[in-house]
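Undergrad: sequence first, predicted coordinates after that:
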Amino acid sequence: MTTTETLIIGAGLTGLTIAYELHKAGKPFLLLEARDRTGGRILTSRTDDGAPVEIGATWLGKKHEDLIGLLSELGIGTFEQVTGGRAIYEASSLSPAQVVQLPHNDEPSYRIAGGSEILIRELWSKIPSASVRLDEPVLALKGMTDYVEVTTSQGVYQAGKVVSTLPPYLFTSKVTVSPALPDQLLSTARQTHTWMGESIKVGLRYAKPFWREDGGPGGTIFSNVGPVSEMYDHTNIEENKYALKGFLNGMYHSVSREERRDMVLTQLRKYYGEVVDDYLAYEEGVWRQEPYTFADYDGHVLPHQNNGHPVFREEYLDGRLLLAGAETAVLYPGYMDGAVRSARRVAGLVL
């Protein structure tokens, strides 16, 4: 049976940041990830000849100081999201789309140079590879007198402390814990929004940025008609590889990939014409279909509902179980910055 001081569940941004902080302090740990990759809700689709397309977490702002600090520490740059100063706006199905001027934005959004996944890669490169195990979902935790017994799909571990970085509802619904967790935690978790859980992100790579040419309407789209509600220019930082990336209405999670693609193209043809059919690749991420991100709620849950709730900052199993992750952060819960903030808070407790 493997024994470790700290066992971390989930190798997304939170889990990798905790591991990074513990390793810097010379503390041993074991990081278990259910997927066959690291990153969690950060996922960048790449091809040799196309722009990186973010399937998951994408943007940050100047107010996200903890994330910016981590990026700076790792030597990772950022660049401002291009809007072009104008947008296609579709108010209703009863009126045609129009091009509108965008007001000056005092708080622009930024993207991570090279793709959000660069942050994941850099964190992973800074910790011992032997301390990270993929394809190993955690199934159960059992609080013992001096440790927590952790049962996974591959075996059993003993840990002085366990940190779960899973979305709270996913953790409480998928991992069996004994003795049972308090009712307040369980009931709150059942009503806690999993950020991005219902999102469908779509992207199209192109050889040329037709939306920028000849004073074109730009790549920013806001539509109340849909099925794409928002879309943005997703050109890389070098401005030599081009893409559009946006959000598809989450209700279309049950149709096929081909049907979703055709819906996106049909909508874009209204604005740009047949040129949209000359795409290099269509990419999508249907996060509701990710079993290691999303679990169906018992009832209706609002965006950000119970994110940052104090119950997630309590310690459980006699102080041996800690909860972390973007949804647990006090500030900017659900965002990458919230993930980093929660990671640093919990790493400090462990240390």
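TA: Yes, it's here.
Undergrad: distance check, the residue nearest the centre of the chain against residue 15.
TA: By CA atoms, centre = their mean, the chain has its centre lying nearest to residue 41, at 3.0 Å. Counting by CB to CB, to the nearest Å, the separation of residue 41 from residue 15 is 12 Å. Yep, even glycine has a C-beta here, placed from its N, CA and C like the rest.
Undergrad: next: residue 239.
TA: 33 Å.
Undergrad: one more: residue 70?
TA: To residue 15, residue 70 is 14 Å away according to CB to CB.
Undergrad: next: residue 291.
TA: 17 Å.
Undergrad: so the two - more neighbours on which side?
TA: The neighbour comparison of residue 291 against residue 15 (other CB atoms under 10 Å) goes to residue 15, with 30 against 12.
Undergrad: can you list contacts of the helix or strand hosting that one?
TA: Secondary structure from DSSP states H and E places residue 15 in helix 13-24. With CB atoms under 8 Å, 6 or more residues apart in numbering as the test, helix 13-24 has contacts from 6, 8-9, 11, 28-29, 31, 33, 38-42, 57, 70, 119-120, 123-124, 126-128, 131-132, 163, 165, 324-326, 336, 339-340, 342-344, 346-348, 350-351.
Undergrad: now the buried members of the residues you listed.
TA: Among these, those that count as buried by neighbour count (16 or more other CB atoms under 10 Å) are 6, 8-9, 11, 29, 31, 33, 38-42, 57, 70, 119-120, 123-124, 127, 131-132, 163, 165, 324-326, 336, 339-340, 342-344, 346-347, 350.
Undergrad: now, which of the residues you listed lie within helices?
TA: Those of the buried ones among the contacts of helix 13-24 mapping onto helices are 70, 119-120, 123-124, 336, 339-340, 342-344, 346-347, 350, per DSSP state H.
Undergrad: make CSV from these and add pLDDT and distance to residue 220 to it.
TA: Below are those laid out as CSV (pLDDT from 0 to 100; distance: CB to CB, whole Å):
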residue, pLDDT, distance to residue 220
70, 98, 28
119, 98, 25
120, 98, 27
123, 98, 31
124, 97, 33
336, 98, 22
339, 98, 27
340, 98, 28
342, 98, 31
343, 98, 32
344, 98, 34
346, 98, 37
347, 98, 38
350, 96, 43
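Undergrad: from those residues, which is closest to residue 194?
TA: residue 339 (13.0 Å; CB to CB).
Undergrad: who are the contact partners of that closest one?
TA: Contacts here follow CB under 8 Å, 6+ apart; on that basis residue 339 touches 12-14, 17, 67, 325-326, 329.
Undergrad: one more time with 10 Å, if that's ok
TA: By CB atoms under 10 Å, 6 or more residues apart in numbering, the residues touching residue 339 are 12-17, 40-42, 57, 66-67, 70, 165, 195, 324-329, 332-333.
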